[in-house]
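**Student:** predicted model and sequence follow; I will ask about them next.
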Amino acid sequence: MSAVLNLSIIHGWVPIAMLVAGAAGLIWLVARRSVRYLVIVVPLAVVTTVIVIAVARWYIEDVWRRFPEAIPLSVYVWAGVALLGILLAIPRLFTRAVPLGHRAITVIAAVLVVLLGLTFINVHFASYPTLRAALGLDHVESVDLNGVPRGGTVPLAKWSAPQGLPERGRVASAAIPGSASHFDARPAEVYLPPAYFAQPRPLLPVLVLLAGQPGSPSDWLTSVQMVGTLDDFAAHHHGVTPVVIVADGTGTELDNPLCMDSRLGNAATYLTADVAAWARTNLQVEQRRDKWAVGGLSYGGTCALQLAVNYPDMYPTFLDMSGQYEPTLGDRRTTVQEAFGGNQAQFESVNPVDLLRRKQYPNVSGVFVVGADDGEYRPGLEKVYTLARGAGMNVRFTTVPGGHSFGVWSQGFAAQLPWLANRLGVTA
């Protein structure tokens, strides 16, 4: 059973099998001896699907505009395939002359077509790499922070791993209040490595991670599979990794506060003052700011760079995975108007690309990671990388096979974790 749950559903034979099964289901739904069905019902279902998807795309991209970048056309196409399967199934199920066995086959066929559409949407984003992830059955050791006793601490450089450390880290869900920012954030996910449960415990560095938009902190657990990557690293480093705080940088699944202090909310103050204050009170970790880093994916990658540029004393190390050229609500005019009431200078005073042209950051180091086939984000990130080098940052630019997907970010995080850890003082 475990082997089935751990089977990749975005690579290998599973997507191909779903393509074959879904195509068979679609053939069943279309094929019928009734001329009326073939001439009227099938074309009507196709036309309805095209109209619904076209209107949905127009509304999402041109009216609603909650996402900073366009949703790929292929996603709409596969959503249309799923919708078509449902529309074709309805008349077949409610025709009186159809035998019960045929109705059952029709239900199965419709399910296969819907699964086909969902499978290839998932292949594009790689949100659920395995069946286990899709069913929410990822095995993550959880812990209640209130149940973790405080104890003595020693500097990491002077600490030696005792016998009996846990083999894996633990994850706690924690509400970090917006005391200074008044930002209404969702609970954070906090990873505590095995070394955190030693007595005395080492003072570990801190890595703050941020999800995309739309997204949530749990994406780092389910889709990036962060815990497994950290546990593997800890197994080769005496139980030590940074303590990871996956903080909420958006407030809701769909909101886009631009990771700034603006009319849209004080997200920047939350991710600096409030997160730091909560960590001081609730965790025994390094307080030295050269032992803190920030990283993120997509919106979170943009945010990571924003924090490193605007708060270099707190976040002198960053990981920007597939971040944007600049924080945006679609275009600069709309962004400046909605966030700063049209005040261009106020926006430019916190916008990374503008700051990188004016200031120097010799003490900031970072890595830019992007999918090699990410035509939407790669060109802008290359420009940001050039600006960062010109501003004196110690930065690298690297690509990962793929596009704008969790598969890229999972690979990117695993590849850059050793660099992040070493930068924060974790050595073999």
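**Tutor:** Received it, and whenever you're ready, just let me know what you need. None of the values given here were measured: they were computed from a predicted structure.

**Student:** what's stretch 105-112 in contact with?
**Tutor:** Here stretch 105-112 makes contact (Cβ atoms under 8 Å, 6 or more residues apart in numbering) with 18, 21-22, 24-26, 28-29, 85-86, 88-89, 92-93, 98. C-beta coordinates here come from the backbone N, C-alpha and C atoms, glycine included.

**Student:** between the residues you listed, which is nearest Met393?
**Tutor:** Met18 (44.2 Å; Cβ to Cβ).

**Student:** ok, back up a step: of the contacts of stretch 105-112, buried ones?
**Tutor:** 18, 21-22, 25-26, 28-29, 85-86, 88-89, 92 (16 or more other Cβ atoms under 10 Å).

**Student:** give me the subset of those lying in strands.
**Tutor:** If you go by DSSP state E, these have nothing in strands.

**Student:** quick check, Val370 in a strand?
**Tutor:** Yes. Judged by DSSP: H, G, I helix; E, B strand; the rest coil, Val370 forms part of a strand.

**Student:** could you list the low-pLDDT ranges of the chain?
**Tutor:** Counting by pLDDT under 70, the ranges of the chain that qualify are 1-2, 33, 137-139, 428.

**Student:** and the residue of it most remote from its centre, what does it touch?
**Tutor:** Here the chain reaches farthest from its C-alpha mean at Ala97, the gap being 48.9 Å by Cα atoms, centre = their mean. Residues counted as contacts of Ala97 (Cβ under 8 Å, 6+ apart): none.

**Student:** if I look at it, how far off is Tyr37?
**Tutor:** From Ala97 across to Tyr37, the span is 11 Å (Cβ to Cβ, to the nearest Å).

**Student:** now swap in Ala339 and tell me
**Tutor:** 53 Å.

**Student:** if you count what's nearby, which of those two comes out ahead?
**Tutor:** Ala339 (24 against 16; other Cβ atoms under 10 Å).

**Student:** measure that one to Asn266 for me?
**Tutor:** From Ala339 to Asn266 the distance is 12 Å (Cβ to Cβ).

**Student:** just Asp320 next, same as before
**Tutor:** Distance from Asp320 to Asn266, by Cβ to Cβ: 22 Å.

**Student:** with Leu283 instead?
**Tutor:** 23 Å.

**Student:** before we move on, what about Pro352?
**Tutor:** Taken as Cβ to Cβ, the span from Pro352 to Asn266 is 18 Å.

**Student:** so which of the two has more stuff around it?
**Tutor:** The neighbour count for Pro352 versus Asn266, taken as other Cβ under 10 Å, is higher for Pro352 (26 against 19).

**Student:** what's the burial count for the nearest residue to that one once chain neighbours are set aside?
**Tutor:** Leaving aside its sequence neighbours, Pro352 sits nearest to Val309 (Cβ to Cβ, 6 or more residues apart in numbering; 4.5 Å). By other Cβ under 10 Å, 24 other residues sit near Val309.

**Student:** ok, Val309 touching Leu356?
**Tutor:** Yes. The criterion here is Cβ atoms under 8 Å, and Val309 meets it with Leu356 at 6.7 Å.

**Student:** ends of stretch 192-207, what's the gap?
**Tutor:** 11 Å (Cα to Cα, to the nearest Å).

**Student:** and for stretch 122-133?
**Tutor:** 12 Å.

**Student:** please enumerate residues in contact with it?
**Tutor:** 4-10, 15, 72, 74-75, 78, 134, 138-139, 219, 222-223, 225, 402-403, 405-408, 410.

**Student:** likewise stretch 163-172?
**Tutor:** Taking Cβ under 8 Å, 6+ apart as the rule, stretch 163-172 contacts 140-145, 148, 189-198, 221, 227, 230-231, 234-235, 239, 241.

**Student:** please flag which of those residues sit within helices.
**Tutor:** If you go by DSSP state H, the contacts of stretch 163-172 have 221, 227, 230-231, 234-235 in helices.

**Student:** out of these, which is most surrounded?
**Tutor:** Leu230 (26 neighbours).

**Student:** how about that one: what's its closest non-neighbour residue?
**Tutor:** Nearest one to Leu230, counting by Cβ to Cβ, 6+ apart, is Thr241 at 4.9 Å.

**Student:** the one you found against Val426, yeah?
**Tutor:** Yes. At 6.7 Å, Thr241 counts as touching Val426 under the criterion of Cβ under 8 Å.

**Student:** what's the overlap in contacts for these two?
**Tutor:** Common neighbours of Thr241 and Val426 (Cβ under 8 Å, 6+ apart) are Leu204.

**Student:** the more surrounded of those two?
**Tutor:** The neighbour comparison of Thr241 against Val426 (other Cβ under 10 Å) goes to Thr241, with 28 against 24.

**Student:** who's in contact with the more buried one?
**Tutor:** Here Thr241 is in contact with 169, 191, 193, 195, 204, 230, 233-234, 417, 421, 426 (Cβ under 8 Å, 6+ apart).

**Student:** Asn394: which of the residues you listed is nearest?
**Tutor:** So of the contacts of Thr241, ranked by how close each gets to Asn394 (Cβ to Cβ), first place is Ala421, at 16.4 Å.

**Student:** secondary structure element for the closest one?
**Tutor:** helix 406-423 (DSSP states H and E).

**Student:** for that helix, name the packing helices and strands.
**Tutor:** Under the contact criterion of 3 or more Cβ pairs under 8 Å, 6 or more residues apart in numbering; DSSP states H and E, helix 406-423 touches helix 226-235, strand 292-297, strand 317-321, strand 365-371, strand 394-400.

**Student:** what is the last one packed up against?
**Tutor:** Here strand 394-400 touches strand 365-371, helix 378-390, helix 406-423, going by 3+ Cβ pairs under 8 Å, 6+ apart.

**Student:** do I have it right that Ser218 meets Pro187?
**Tutor:** No. Between Ser218 and Pro187 there is no contact under Cβ under 8 Å: 9.3 Å.

**Student:** regarding the protein, what is its longest helix?
**Tutor:** helix 100-125.

**Student:** ok, for Pro162, nearest residue in space, not its chain neighbours?
**Tutor:** Going by Cβ to Cβ, 6+ apart, Pro162 has Ala198 as its nearest residue, at 5.5 Å.
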